[in-house]
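> Provided below for reference: sequence and predicted model.
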Amino acid sequence: MVGLLAGCQRPAATAQLVPQSIDYLTRGEWGANAPVLPMRSHKLAYLTIHHTATKQLPDKSLTDKMKALQQFSQQESKLGDGRTKQPWADIPYHLYVDVHGQVAEGRDINYAGDSNTGYDPAGHLLVVVEGNFEEEEITAKQMETLRLLVPALAKKYKITADRLGTHKDYASTLCPGSKLYAQLPYFRQLIAK
Ligand SMILES: [Zn+2]
């Protein structure tokens, strides 16, 4: 099954992931490679927010960012803290929100993501926001996207407000940065409405 689904484009299904008013780049549009390892299928129960922990790059295209992230993900790569990560099947996150508020499709949402930290991401819909929110500000465009995206995903996958969290709610990490973490009560309110 994994082999059959890997890399297969399902425009209708993926387009429905994200509200129409949000600029959305599918795997086909950014030129994703197929996953390089088997993946675990999962049933979504949590919505979990991350930051990239890298500096926002307003002048680099989202396509280039996704290709670079996929290359980093699928190889043995050096992490910021000096550790080495083993290759992952694909990008560890399901959706990427760039500095301009545009969204790109990461790993197929039907498969569990990956993490460098000690929690099991199975069951988590993983959204990563571009930036290091210990230091940088969330852009107005990113907030605009998250304000629509977070409640839409929660509704679609029947995820309740108490099941919205961030990486640091599950593992020892600074992710998603204090500035993005501070928005969590607001996002929970949007879901609860
Ligand atoms: Zn994270």
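Sure thing, it's come through. None of the values given here were measured: they were computed from a predicted structure.
> what helices or strands is the helix or strand containing residue 73 leaning on?
For residue 73, the host element (DSSP states H and E) is helix 62-74. Counting contacts by 3 or more C-beta pairs under 8 Å, 6 or more residues apart in numbering; DSSP states H and E, helix 62-74 packs against strand 24-25, helix 27-30, strand 95-97, strand 103-105. For glycine as for every other residue, the C-beta is placed from the backbone atoms N, C-alpha and C.
> So what sits opposite the residue nearest the centre of the chain in the bridge?
The chain has residue 127 as the residue nearest its centroid, 2.8 Å off, counting by C-alpha atoms, centre = their mean. Beta-bridge partners for residue 127, by DSSP bridges, are residue 49, residue 95.
> Could you list the low-confidence segments of this protein?
Of all residues in the chain, those with pLDDT under 70 make up the ranges 1-15.
> quick one on the thing from earlier: go through the helices and strands packed on helix 62-74 and name the closest to the ion.
The closest of the helices and strands packed on helix 62-74 to the ion is strand 95-97. By C-beta to the ion, the value is 12.4 Å.
> which residues sit against that closest one?
Strand 95-97 has contacts (C-beta atoms under 8 Å, 6 or more residues apart in numbering) with 17-18, 62, 65-66, 69, 103-106, 125-130, 142, 145-146, 149, 153.
> Kindly report the residues of the protein close to the ion.
Within reach of the ion by C-beta under 5 Å from the ion, the chain has these residues: 50, 167, 175.
> make it 8 Å
Applying C-beta under 8 Å from the ion, we find that the chain lies next to the ion at 50-51, 53, 115, 117, 128, 166-168, 171, 173, 175-176.
> Give the ChimeraX command for selecting the buried subset of those.
A single ChimeraX command selects the buried members of these (16 or more other C-beta atoms under 10 Å):
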select :50,51,53,115,128,166,167,168,173,175,176
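> can you put the residues of the chain next to the ion in CSV and add secondary structure?
Formatted as CSV, the residues of the chain next to the ion follow (DSSP: H, G, I helix; E, B strand; the rest coil):
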residue, secondary structure
50, strand
51, strand
53, coil
115, coil
117, coil
128, strand
166, strand
167, helix
168, helix
171, coil
173, coil
175, coil
176, coil
